[in-house]
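Asks: build me a structure from this.
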Amino acid sequence: MARAIARSVADVVEQLELDGDVVVTYDQLAAVAQRVGREASQADTRLLAYELQREGWLGPLRTRHAWEFLPGSRAGAYSSGDRFIEFRAQRAVNSDWGGVLAMESAASLLGLAQRIPEQEVVALPDDQPFPKALNGAWRYVRIDIPADGRTTVNGLPSWNLEGLIVGIATRPSAYKDIAGLGQWLPSAAARADVGTVIRLLAQTPRTIAQRAAYLSGVGGNQPACAAIVNAYPPSETAWLGPRVAGRGVFDQQTQVNDTVLHSYLEVGTGS
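Replies: Here you go, the predicted model:
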């Protein structure tokens, strides 16, 4: 059912439509109120937010001081269903928050994985908190991929393909959909820029470089595998998956013992 625009909020709704923001924060709402000549005290802004929610123009979010704007084009007070809406809200209310989409979320956003993850994944530096608003639907990893391994897709910061390879090599157990990885890796590894991967590995332990080389190799990019091995020669056995004696496949070139991924690559299963 179409919504009527109450006179009390019509000027604000019009400005929000023009701005086109998916998420509206308390500070943005106060700024819009000032722009259209309204009072913008804390009490006035709280009342305005209440009226906009009551009239069906702002939808509730778990993130404090943030709402989803529900534009008139939806012909009703319906959420967009954006699975990243709380992530967008966190970035909107705190511009210094360093969360970056990672692991399965990054693979999905980049068009690699075919299945939406059961839990979205955000990578956080050690000094960045995991917001309470993301509890349940989200999980986090403490992996700080340098700028060369990041990109922006639809306004969302994410690991790029090279960052994803290094991130998985850093903590393979944090990528929960191994079957899906076995499906998309062979088609994606050939597109990775090996120079970028080598730069991302510069400050990491040697075992991470070994796993990154292995992922490149089993993904069909043998030149990249050889280049990484040449840049960071293996110094010990690295494991991809649980350390179980007598289990898995050992790769001589990279000195990686794979106990989790190899079977999915062999049979070609996936999500």
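Asks: quick check: chain neighbours aside, which residue is closest to residue 118?
Replies: residue 176 (7.5 Å; CB to CB, 6 or more residues apart in numbering). Placement of C-beta: from N, CA and C, glycine included.
Asks: is it true that that neighbour touches residue 113?
Replies: No - counting by CB atoms under 8 Å, residue 113 is not a contact partner of residue 176; they are 11.0 Å apart.
Asks: these two: which is more packed in?
Replies: Neighbour tally, residue 176 and residue 113, criterion other CB atoms under 10 Å: the higher count belongs to residue 113, 24 against 15.
Asks: if we ignore the residues flanking it in sequence, what's nearest that one?
Replies: Closest to residue 113 by CB to CB, 6+ apart is residue 107, at 3.9 Å.
Asks: that neighbour belongs to a helix?
Replies: Yes - counting by DSSP: H, G, I helix; E, B strand; the rest coil, residue 107 falls inside a helix.
Asks: and the strands in the protein?
Replies: 23-25, 58-60, 66-69, 100-101, 120-123, 138-141, 150-153, 156-159, 238-240, 249-251, 256-258 (DSSP state E).
Asks: now render the ones you listed as JSON lines, adding distance to residue 131.
Replies: Shown next, in JSON lines, are those (distance: least, CB to CB, whole Å):
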{"stretch": "strand 23-25", "distance to residue 131": "14"}
{"stretch": "strand 58-60", "distance to residue 131": "16"}
{"stretch": "strand 66-69", "distance to residue 131": "11"}
{"stretch": "strand 100-101", "distance to residue 131": "14"}
{"stretch": "strand 120-123", "distance to residue 131": "9"}
{"stretch": "strand 138-141", "distance to residue 131": "9"}
{"stretch": "strand 150-153", "distance to residue 131": "19"}
{"stretch": "strand 156-159", "distance to residue 131": "15"}
{"stretch": "strand 238-240", "distance to residue 131": "31"}
{"stretch": "strand 249-251", "distance to residue 131": "39"}
{"stretch": "strand 256-258", "distance to residue 131": "35"}
